[in-house]
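> take a look and give me a structure for this.
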Amino acid sequence: MDRPLEGIHILEVAQFTFVPAAGAVLADWGADILKIEHAEKGDAQRGLVRVLGHKTGTAGSSFSPIMDGPNRSKRSIGLDLANPDARPVLEELIRRSDVFLTNYLPTQLTKLGITLERVREINPKIIYVTGNGFGNEGRDMDSGAYDSTGFWARGGSADGVLPPDADHMAFMPAGAYGDNIGGMTIAGGIAAAIAGRERTGEPSEVDVSLLGVGAWATQFTVNMALANGGPLEKVVKKTQAAGNPLTGSYKTADNRWLQFSMLQPTRFWNEFVGLLGLGHLVDDPRFATHDGIAENCEEIGALFAKALADKTFDEWTEILADLSGPWAPVQNSWDVGNDDALIANGRIVELTDAEGNAQRLVANPVKFDKSPVTMTRAPQFAEHTDEILREIGIDDEQLIGLKIAGAVT
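Numbering: from 1, shown residues only. Presented below is the predicted three-dimensional model:
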């Protein structure tokens, strides 16, 4: 069963990346995702694409990684939820759905008549899912957030990478970083809710906040701070672990980096120093024990740094390819997109854009039955409006009337 959510229908009323990314994951898993977009403006992310610009590698292509990443494999309908003429369409779509997925804030949900209570009046068995900044309870429940605020800053990650006495803080390592992690979390919650409804017959209300995801990501230090009764002392982070030069990062001749994580240094000592061209250190009695390595950590680290600085990143990745100890090249975004392991495992997926050009996107990290992910491009704005309306029994005359009334696009 490589598409375990085949036959599950999800109605998405959301924009930007956080919640739509959950829909993308669920689409990878086989669900049918119907995306409602504002009848005139569409998903605000479409405007963001125009503001930020993007490179696709193919001249004249409508493909946009910013939009296609969180919206691949969906269908789009332009529907004005504030227009009374659109209400019968919305209600019929709710009746036909297993899951209602939104990132609208409580005030908006109430204004548009799509709160949990109103949606459950239409479909008592629907799973109701909200993704938000700070949770659906408490004083901040109606406050908006992006991942830079709710996840990165308030969730502890920004402080976690902030050195003492820093004159500026680090930003997230990639755009939509917390959004995509959060989207994966929402998808997992929905899958659990579907399993629970199958078993008990009862639908769940699922709520995932960027702050909650951020706190979960930093729980190692948050839990220690709670146990210690206060914030943890900031320390200057060194490139090597204390007492173990086989765990740490080293720079290559061309200013790239390699990360090693050999927590059992004596086990890998001879193999590692041999590959580094430091054969004279093989079986050196000074470094035969953990204590010996720890006592000479700075001296050894300097030797390793000098050796690794003598060759380029590409040279070292070839030399170290068969090293049995855990290590990894520090890859940039292009390297990741062309990573052999990701490609071999079907985590980089090729699809065709609207102009017929081949494009590539990252798939979700979950793999079922060793099967590749089937993925299609993100829909154009309201691309499937007519198709979806006909599916729910709207004839051509009614469709024209809805368009004249501005209820649909």
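
> in the stretch 151-300 of the chain, where is pLDDT below threshold?
Within the stretch 151-300 of the chain, the stretches with pLDDT under 70 are 237-238.

> now the helices for it?
Along the stretch 151-300 of the chain, counting by DSSP state H, counting those that start in this stretch, helices occupy 157-160, 177-200, 210-217, 219-228, 265-275, 290-295, 297-308.

> chain center to the shortest one, what's the gap?
Think helix 157-160. 18 Å (CA atoms, centre = their mean, to the nearest Å).

> how about the helices of the stretch 301-409 of the chain, start to end?
Using DSSP H, counting those that start in this stretch, helices in the stretch 301-409 of the chain cover 313-319, 333-337, 340-344, 385-391, 396-404.

> just checking, what packs against the fourth one?
In this structure, helix 385-391 makes packing contacts with strand 74-78, helix 396-404, judged by 3 or more CB pairs under 8 Å, 6 or more residues apart in numbering; DSSP states H and E. All C-beta spots, glycine's among them, are computed from the backbone N, C-alpha and C.

> just put these in a markdown table and tack on distance to residue 5 and mean neighbour count.
Putting these into a markdown table (distance: least, CB to CB, whole Å; neighbours: other CB atoms under 10 Å) gives the following:
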| stretch | distance to residue 5 | mean neighbour count |
| --- | --- | --- |
| strand 74-78 | 13 | 23 |
| helix 396-404 | 29 | 14 |
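
> which one of the ones you listed lies closest to residue 342?
With distances scored as CB to CB, the stretch of the helices and strands packed on helix 385-391 nearest to residue 342 is strand 74-78 (23.0 Å).

> residues touching the closest residue in space to residue 32 that isn't next to it in sequence, list them.
With CB to CB, 6 or more residues apart in numbering as the criterion, residue 32 has its nearest non-adjacent residue at 5.0 Å, and that residue is residue 9. When contacts are counted by CB atoms under 8 Å, 6 or more residues apart in numbering, residue 9 touches 31, 32, 34, 96, 97, 98, 99.

> widest-spaced pair of the residues you listed?
31 and 96 (13.3 Å).

> these two: who's more crowded?
Neighbours were counted for residue 31 and for residue 96 using other CB atoms under 10 Å; residue 31 has more, 26 against 16.

> the more buried one contacts residue 4, doesn't it?
No. Residue 31 lies out of contact with residue 4 (CB atoms under 8 Å); the separation is 9.2 Å.

> how close does the residue nearest to residue 32 get to residue 110?
Distance of residue 9 to residue 110, given as CB to CB, to the nearest Å: 25 Å.

> what do you get for residue 362?
Taken as CB to CB, the span from residue 362 to residue 110 is 36 Å.

> ok, residue 345 next?
44 Å.

> also residue 391?
29 Å.

> next one: residue 36
Counting by CB to CB - residue 36 and residue 110 are separated by 17 Å.
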